[in-house]
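Novice: structure, please.
(chains A, B, C and D)
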2 protein chains.
Amino acid sequence: MSQDLGLIVRHLLWSTNREFFGSLQEEGISFSQLKCLGLLAEADSELSLGGLSDETGLSLPAISRAVDGLVQRGEVKRTEDPRDRRSKLLRVTARGQSTYERLASVRAAGVRRFVEDLEPQERDALGSALHPIIERLSL
Amino acid sequence: MSQDLGLIVRHLLWSTNREFFGSLQEEGISFSQLKCLGLLAEADSELSLGGLSDETGLSLPAISRAVDGLVQRGEVKRTEDPRDRRSKLLRVTARGQSTYERLASVRAAGVRRFVEDLEPQERDALGSALHPIIERLSL
DNA sequence: TATTGTTATACTCTATAACTATA
DNA sequence: TATAGTTATAGAGTATAACAATA
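Specialist: Purely as a prediction, here's the structure:
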């Protein structure tokens, strides 16, 4: 069962990999920058550089450089934490949010194609199975 | 509905991202090498370097270098195509297959944890919905 | 002194261009 | 001449180490 879910996930990923990484390159956004942008776009509150480093597993210098590029492009806003001036608070701008959604939409389109190609009863059963899970976990 | 599936996929990915890329680094395998290894491990027949370049969207030199590293580590076998000696045929070795499965298992473990944390009726419904799809598509 | 983040440096990876071998 | 792949080179990205600023 978890194997079946794994197969679906892998299929959805690989079917859009080429287009997705092509889009990244066209946008001029590195994979590390995407990870930062994604975490910031999903985050409820502001994150520090160290927080991003922890969540991504990337080194602090790498994060610093990646974020610096995002700030210069206006995708992320970086301000001093007034309570600890060593620390910087990061949050996505409207532009950053839109960039992230544009990139995510490539993956989303692959999922949509997959769902459209299901048999009606397959689609209904999958939808009915997924929805309560999404609701309960607040994904 | 396709949105729900997209949310699940994203959740499964991000929940294992840190550990997955950490494993890659520990194994000394680059992301491009992973793409090559994955395509070769799933492929029914042998692939050429140009074929890998097409499928990944990476440049031919990048593929050439990535595969060269895999060949030197014994993960991939590279032979001349007897029908066109310009072309090389690639296939994973037993070692390469095992390396790929070891890496994929990090993602698989995340999926397994997710499934274990479902309510029994959620798990049953999802399993019943997924299985016929897997069967029909021969994933 | 400890911590947060930046800068310096060396290494890896990639793309474009130039090249080799085969067709 | 065209195609498959390799080698050369320059640029981007990363990690470790050294540093600056704040706690």
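
Novice: can we go C-alpha only for contacts and neighbour counts from here?
Specialist: Will do.

Novice: do the longest helix along chain A and DNA strand D meet at all?
Specialist: Once chain A is assigned using DSSP state H, the helix that runs over the most residues is helix A:2-27. No - contact of helix A:2-27 with DNA strand D (Cα under 7 Å from any atom of the strand) is absent, the minimum separation being 8.8 Å.

Novice: specify the angle between that helix and helix B:2-27 in degrees.
Specialist: When axes from the mean of the first three to the mean of the last three Cα atoms, to 10 degrees is applied, the directions of helix A:2-27 and helix B:2-27 differ by 80 degrees.

Novice: and helix A:2-27, how far from the chain's centre?
Specialist: Per Cα atoms, centre = their mean, to the nearest Å, the displacement of helix A:2-27 from the mean C-alpha position of its chain is 13 Å.

Novice: for the helix or strand that that helix is followed by, buried residues please.
Specialist: Using DSSP states H and E, the helix or strand that follows helix A:2-27 towards the C-terminus is helix A:31-42. Neighbour-count burial for helix A:31-42 flags A:32-41 (criterion: 16 or more other Cα atoms under 10 Å in any protein chain shown).

Novice: now do stretch A:46-54
Specialist: Of the residues in stretch A:46-54, those buried by neighbour count under the rule 16+ other Cα under 10 Å are A:47-50, A:52-53.

Novice: contact partners of the helix or strand containing A:G110?
Specialist: Assigning secondary structure by DSSP H and E places A:G110 in helix A:94-116. Contacts with helix A:94-116, where a contact means Cα atoms under 8 Å, 6 or more residues apart in numbering or on different chains, come from A:12-13, A:15-16, A:19-20, A:23-24, A:34, A:37-38, A:41, A:74-76, A:123, B:2-3, B:5-6.

Novice: contacts only, for A:L40.
Specialist: Residues A:46-47, A:90-92 are the ones in contact with A:L40 under the rule Cα under 8 Å, 6+ apart.

Novice: try A:L24
Specialist: When contacts are counted by Cα under 8 Å, 6+ apart, A:L24 touches A:30-31, A:103.

Novice: swap the cut-off to 7 Å and go again
Specialist: Listed by Cα atoms under 7 Å, 6 or more residues apart in numbering or on different chains, the contact partners of A:L24 are A:S30.

Novice: what distance do you get for it to A:L130?
Specialist: Spatial separation of A:L24 from A:L130 under the definition Cα to Cα, to the nearest Å is 29 Å.

Novice: now do A:L118
Specialist: A:L118 is 15 Å from A:L130, by Cα to Cα.

Novice: those two: who's more crowded?
Specialist: Neighbour tally, A:L118 and A:L130, criterion other Cα atoms under 10 Å in any protein chain shown: the higher count belongs to A:L130, 22 against 15.

Novice: element containing that one?
Specialist: For A:L130, the host element (DSSP H and E) is helix A:120-137.

Novice: what residues does that helix touch?
Specialist: With Cα under 7 Å, 6+ apart as the test, helix A:120-137 has contacts from A:115, B:1, B:4, B:122, B:125-126, B:129-130, B:133.

Novice: sorry, back to before: just the angle between the longest helix of chain A and helix A:31-42, please?
Specialist: Angle between the axes of helix A:2-27 and helix A:31-42 is 110 degrees (criterion: the same axes, to 10 degrees).
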